[in-house]
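Trainee: here are the coordinates; sequence isn't available:
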Ligand code: NDP
């Protein structure tokens, strides 16, 4: 199950006397002939129907599309794609939007649209601006490191305590209120699991300082969109940047499109590069076939 446009590359990558790429929906195949599943979001129950599967390989960094399948074959390794290029893209996206918020760029965009020469002073420097990372993994860790270059104050929240230089660490739900109370900007880079679903909600927004902003680059289901709109409309939150949504593509009639305090982008913060992803597939298959330890295996009990 590959995204459009990946077919030729997949056929080329796996053109060998040993392997054959079967493209779901295009090629005929017998269920028992499949050794590896490669893709993003299989139809629930499909993986269970493949009796000889050796491993499930995710082309993306997030694996919620697999784990929402109640019949996911839990005895098999689920390997996710960790692409340094994708983490770099994510960090660029967040740094860009953090600076746009910090520098009030949307105010100047509006003024330009009205042909008005409106100056506005910076209210505070980066050293007085606290940016909190929800998730300090591959994505969150790199985003935080890149933001530090601009001398923002960095905080991070994770399941286990992380000791990253210059980042104030908070761990677990008991420390979440203390973390949120110090976030002038909150960046969500969490995996979607039963624990983190809906974490960007009214209760948690109320624990943040008034005037705080939210950036979500993780999954749309982390955010209760109605709660965000209410917090923006009341003036409690000042702005939001959203790359992911409850429903994707975001419906044309969604109030998010036209909200003056929201910047919305179509799930492009980090795109998996086909060449990197297929190299990851090749490497995983090589490891399984040769009995070597797998890397980036998902811990099914944690869900990420
Ligand atoms: P990682 O697994 O490397 O890191 C996950 C982080 O989240 C870790 O710091 C982990 O804590 C923390 N975490 C997980 N569950 C909890 C919890 N219950 N409480 C507190 N902290 C928690 O993931 P990545 O950084 O690689 O990816 C994160 C997500 O980003 C992906 O799952 C995907 O959904 C999303 N993504 C979005 C893209 C886009 O284009 N918008 C592109 C790529 C990814 P600990 O350190 O203790 O384990």
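Mentor: Looks like it arrived, so ask away. Owing to the predicted nature of the structure, the values given are computational and were not obtained by experimental measurement. Numbers count the residues shown, from 1 in each chain.
Trainee: all helices of the stretch 101-250 of the chain, in order?
Mentor: Using DSSP state H, counting those that start in this stretch, the helices found in the stretch 101-250 of the chain span residues 105-113, 138-148, 176-180, 202-206, 225-233.
Trainee: show me what contacts residue 96?
Mentor: Listed by Cβ atoms under 8 Å, 6 or more residues apart in numbering, residue 96 has no contact partners. C-beta coordinates here come from the backbone N, C-alpha and C atoms, glycine included.
Trainee: any idea how far residue 71 is from it?
Mentor: 40 Å (Cβ to Cβ, to the nearest Å).
Trainee: before we move on, what about residue 269?
Mentor: For residue 269, the distance to residue 71 (Cβ to Cβ) stands at 30 Å.
Trainee: what of residue 77?
Mentor: Distance from residue 77 to residue 71, counting by Cβ to Cβ: 17 Å.
Trainee: just want the most central residue of the chain.
Mentor: In the chain, the centroid-proximal residue (Cα atoms, centre = their mean) is residue 218; its distance is 2.8 Å.
Trainee: for that residue, phi and psi?
Mentor: phi -100, psi -90 (degrees, to the nearest 10).
Trainee: hang on, it packs against residue 135?
Mentor: Yes - using Cβ atoms under 8 Å, residue 218 is in contact with residue 135, at 7.0 Å.
Trainee: what is in contact with these two at once?
Mentor: Residues touching both residue 218 and residue 135 (Cβ under 8 Å, 6+ apart) are 188, 189, 190, 191.
Trainee: burial of the residue of the stretch 51-200 of the chain found nearest the ligand, as a residue count?
Mentor: Proximity of the stretch 51-200 of the chain to the ligand (Cβ to the nearest ligand atom) peaks at residue 137, 1.7 Å away. Residues lying near residue 137 (other Cβ atoms under 10 Å) number 19.
Trainee: one step back: residue 77 and residue 71 - which one has more neighbours?
Mentor: residue 77 (16 against 11).
Trainee: ranges for the strands of the protein?
Mentor: 36-39, 55-58, 78-79, 130-134, 153-158, 167-171, 185-188, 212-216, 237-242, 262-264 (DSSP state E).
Trainee: closest to residue 230 out of the ones you listed?
Mentor: Proximity to residue 230 (Cβ to Cβ) singles out strand 237-242 among these, at 9.3 Å.
Trainee: what helices or strands is that closest one leaning on?
Mentor: Judged by 3 or more Cβ pairs under 8 Å, 6 or more residues apart in numbering; DSSP states H and E, strand 237-242 is in contact with helix 84-102, strand 212-216, helix 225-233, strand 262-264.
Trainee: so residue 130 makes contact with residue 185?
Mentor: Yes - shown here, residue 130 and residue 185 form a contact pair, counting by Cβ under 8 Å, at 7.5 Å.
Trainee: for the protein, which helix or strand comes out least confident on mean pLDDT?
Mentor: Of all helical and strand segments in the chain, the minimum by mean pLDDT, DSSP states H and E falls on helix 7-13, at a mean of 76.
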